[in-house]
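what would the 3D arrangement of this be:
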Amino acid sequence: MSQLINENQRRHVAYVFVPLVAIASLWPGVSSATALISGVIIAALLGNPHQTITKKVVSPLLQWSIIGLGAGMNLNVIGKVGANGVIYTIVGIVSTILVGFALAKWLGVSPKLATLISIGTAICGGSAIAAVAPVIEADERDVTVSLGTVFVLNAAALVIFPYIGHALDLSQFAFGTWSALAIHDTSSVVGASMQFGPEALEVGTTTKLVRALWIAPVALTIGAIYSKIQSKDKSTAKPKVPLFIVGFILAATVRTFMPAFAGAADMLSLVARRSLVMTLFLIGVNLSPKTLKSVGLRPLIHGVLLWFIVGTATLTAILKGLISN
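Coordinates of the predicted model:
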């Protein structure tokens, strides 16, 4: 009986506490890492009675935040990043997928789960996983485990990457590029680079969004391969190109070529940065102990090893000048 009462008390506290902390995360003094970690702690200690709602709002809130960030970007930088990044983007995606499958075979991780984790690491985390899952007919458990793995590593990246960047005295361009190539989700790339500086934020966001454009061709290619392996046309679901990327570029276009709107664009960008921090809190509070337990040891080891290899390789390439502006 006492256990039931305590459970009800925790639920009542969480019912009020979760929205209050979400609103508090909009305060400029709250960092991206603090917001995400706070969400994880609250989910572990109190639970999230609003999970049905918070899961629904995360995706649109993230997309609108990214569009708003475009209002603070210069389109010339976006074009430069996109042109310079084509080669190492292709090399990076292909290499990550190949290494991911090699690790999966060694660890005994199932092919579909390995595909989701590898694609998520290669392109843009949860968005890539969501696009590829229906194409390869992945079951709910594989999707949950791969998303759980990515969320755990995103949380770690928000704390670890800025620390490493400062320890190695990386330039803002170098850190933004490294974050975009080695951190899974766009939200965590923005959160980590935002802590490092404005140029890092600009470079990191644009590089990651350009990389996200590869979701559709990669997903279609993976679907064709699976369809051929199965010798029957089951993988007919077509992935969607994230429309928020178009919105981001349109907002950046207004900011670059319409100086009369510069004041409003800067204000929109500021609001977007704070809403992004709140989004990270909501992602954290959705990361329940149940989700963490569902990940399992082998997929987590697979995800961590692949992430470490990609992060180390890209950082080395940047330090050696193989990836530069």
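
any idea how far apart the tips of stretch 36-53 sit?
17 Å (Cα to Cα, to the nearest Å).

what residues sit buried inside that stretch?
36, 37, 38, 39, 40, 42, 43, 46, 47, 48, 49, 50 (16 or more other Cβ atoms under 10 Å). In short, each C-beta sits where N, CA and C put it, glycine included.

again with stretch 249-256
For stretch 249-256, the neighbour count (16+ other Cβ under 10 Å) marks 249, 251, 252, 254, 255, 256 as buried.

between the buried residues of stretch 36-53, which is nearest residue 266?
Nearest to residue 266 among these, counting by Cβ to Cβ, is residue 36 at 25.4 Å.

in which helix or strand would I find that closest one?
helix 32-45 (DSSP states H and E).

what packs against that helix?
The helices and strands touching helix 32-45, judged by 3 or more Cβ pairs under 8 Å, 6 or more residues apart in numbering; DSSP states H and E, are helix 2-24, helix 140-167, helix 186-196, helix 262-286.

which residue is nearest the middle of the protein?
Residue closest to the average C-alpha location in the chain (Cα atoms, centre = their mean): residue 185, at 0.9 Å.

just confirm that residue contacts residue 127, I think it does.
Yes. Using Cβ atoms under 8 Å, residue 185 and residue 127 qualify as a contacting pair, with a distance of 7.3 Å.

what's the spacing between the closest residue to residue 162 other than its chain neighbours and residue 170?
With sequence-adjacent residues excluded and distances taken as Cβ to Cβ, 6 or more residues apart in numbering, residue 162 is closest to residue 195, at 4.6 Å. Computed as Cβ to Cβ, to the nearest Å, the residue 195 to residue 170 distance reads 13 Å.

about what we covered before: give me every residue that touches the residue nearest to the centre of the chain.
124, 125, 126, 127, 150, 154 (Cβ atoms under 8 Å, 6 or more residues apart in numbering).

the same query, at a cut-off of 7 Å, please.
Taking Cβ atoms under 7 Å, 6 or more residues apart in numbering as the criterion, residue 185 is in contact with 124, 125, 126, 150, 154.

and of those, the nearest to residue 209?
residue 124 (8.5 Å).

in this structure the closest one contacts residue 210, no?
No. Residue 124 is beyond contact range of residue 210, at 10.4 Å (criterion: Cβ atoms under 7 Å).

with neighbour numbers in mind, choose between these two.
residue 124 (27 against 21; other Cβ atoms under 10 Å).

tally of neighbours for the residue lying closest to that one once chain neighbours are set aside?
Leaving aside its sequence neighbours, residue 124 sits nearest to residue 212 (Cβ to Cβ, 6+ apart; 4.5 Å). Residue 212 has 23 neighbours, counted by other Cβ under 10 Å.

cool, and residue 197?
18.

check contacts around it.
Per Cβ under 7 Å, 6+ apart, neighbours of residue 197: residue 172.

same deal with residue 310?
96, 121, 182.

which strand or helix spans it?
helix 297-319.

can you list the low-confidence ranges for the stretch 1-150 of the chain?
Low-confidence segments of the stretch 1-150 of the chain (pLDDT under 70): 1-7, 32-33, 74-75, 77-86, 140.

please redo it, this time with the cut-off set to 90
Along the stretch 1-150 of the chain, segments meeting pLDDT under 90 span 1-19, 25-94, 110-112, 120, 123-150.

shaky segments in the stretch 151-300 of the chain?
151-156, 158-159, 180, 184-188, 190-192, 194-195, 197-199, 201-300.

and if we set it to 50?
Within the stretch 151-300 of the chain, the segments meeting pLDDT under 50 span 233-235.

show me what contacts residue 211?
89, 123, 124, 180.

can you tell me which of those residues is nearest residue 244?
residue 124 (11.5 Å).

gap between the closest one and residue 42?
On the measure of Cβ to Cβ, residue 124 and residue 42 end up 26 Å apart.

over to residue 49?
As judged by Cβ to Cβ, residue 49 and residue 42 stand 11 Å apart.

same deal with residue 312?
Counting by Cβ to Cβ, the gap from residue 312 to residue 42 is 33 Å.

now residue 118
From residue 118 to residue 42 the distance is 31 Å (Cβ to Cβ).

and for residue 184, the neighbour number?
29.

and for residue 247?
Neighbour count for residue 247, taken as other Cβ under 10 Å: 16.
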